[in-house]
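**Q** just coords:
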């Protein structure tokens, strides 16, 4: 409870343009077996994100999602709290991304809003980067404009080097529209916890429509 398969089907029926799952090694959230159950039900975009340990790599290659997002989670980590050091881990990322690209899977790397890390990501061969937006969400409450500037700069660098741009972490109905306004070439956002929390009060269908409206994707 709730039924993860039915929720995925309903999210798509209510307007969601993709489904993201994040199977962690300890399986405390989505489980590896859930990917097997969900794969035939996804009619929109399917994104699997996580740390590319061997089991994760095997999972992605087996189910071939539209996109894989590489996140540097460590065992026991409560939630994602930093992006990749794309310079330090360059060789590792090149090898992993090569496997996914060979299988025809679009790749995205989770990064902090640091131009050097984005430039490093470009060299790995990834298709996109996903900006880690917790810092934006925290700073938005007091000073939205100053807080978003590093993210705009990072987004511009991604655009200049030819990388697609995603974003995620702590984005919600209060801060999402401002973010999308200043980064209009944003291609995708992954929102989980905030969407479900809002749905408790607003209902799932209405919540999804409100997020779409915040992104101006339904205009």
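**A** Yep, that arrived. Remember, it's a predicted structure, so these values are computed and weren't measured experimentally.
**Q** Going by C-alpha atoms from here, please, whenever you check contacts or count neighbours.
**A** OK.
**Q** Counting by contacts, list what the host helix or strand of residue 205 packs against.
**A** In the assignment (DSSP states H and E), residue 205 maps to helix 204-215. Counting contacts by 3 or more Cα pairs under 8 Å, 6 or more residues apart in numbering; DSSP states H and E, helix 204-215 is packed against helix 4-13, helix 176-182, helix 193-202.
**Q** Enumerate the positions of the lengthiest helix in the chain that are buried.
**A** Criterion DSSP state H: the longest helix present in the chain is helix 144-161. Buried residues in helix 144-161, defined by neighbour count with 16 or more other Cα atoms under 10 Å: 144, 147, 148, 150, 151, 152, 154, 155, 156, 157, 158.
**Q** what sits opposite the residue most central in space within the chain in the beta ladder?
**A** In the chain, the residue lying closest to the centroid (Cα atoms, centre = their mean) is residue 190, at 4.4 Å. In this structure, residue 190 bridges to residue 168 when assessed by DSSP bridges.
**Q** my guess is it meets residue 167, correct?
**A** Yes. The pair residue 190 and residue 167 qualifies as a contact (Cα atoms under 8 Å) at a distance of 6.7 Å.
**Q** and the gap between the residue nearest to the centre of the chain and residue 123?
**A** Going from residue 190 to residue 123 by Cα to Cα, to the nearest Å gives 24 Å.
**Q** which residue lies farthest from the center of this protein?
**A** Farthest-from-centroid check, the chain (Cα atoms, centre = their mean): residue 142, 24.9 Å.
**Q** can you redo the helices and strands packed on helix 204-215 as JSON lines with mean neighbour count and distance to residue 68?
**A** Compiled in JSON lines, those are given as follows (neighbours: other Cα atoms under 10 Å; distance: least, Cα to Cα, whole Å):
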{"stretch": "helix 4-13", "mean neighbour count": "15", "distance to residue 68": "18"}
{"stretch": "helix 176-182", "mean neighbour count": "17", "distance to residue 68": "22"}
{"stretch": "helix 193-202", "mean neighbour count": "14", "distance to residue 68": "20"}
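**Q** what's the closest of those helices to residue 87?
**A** Proximity to residue 87 (Cα to Cα) singles out helix 176-182 among those, at 27.0 Å.
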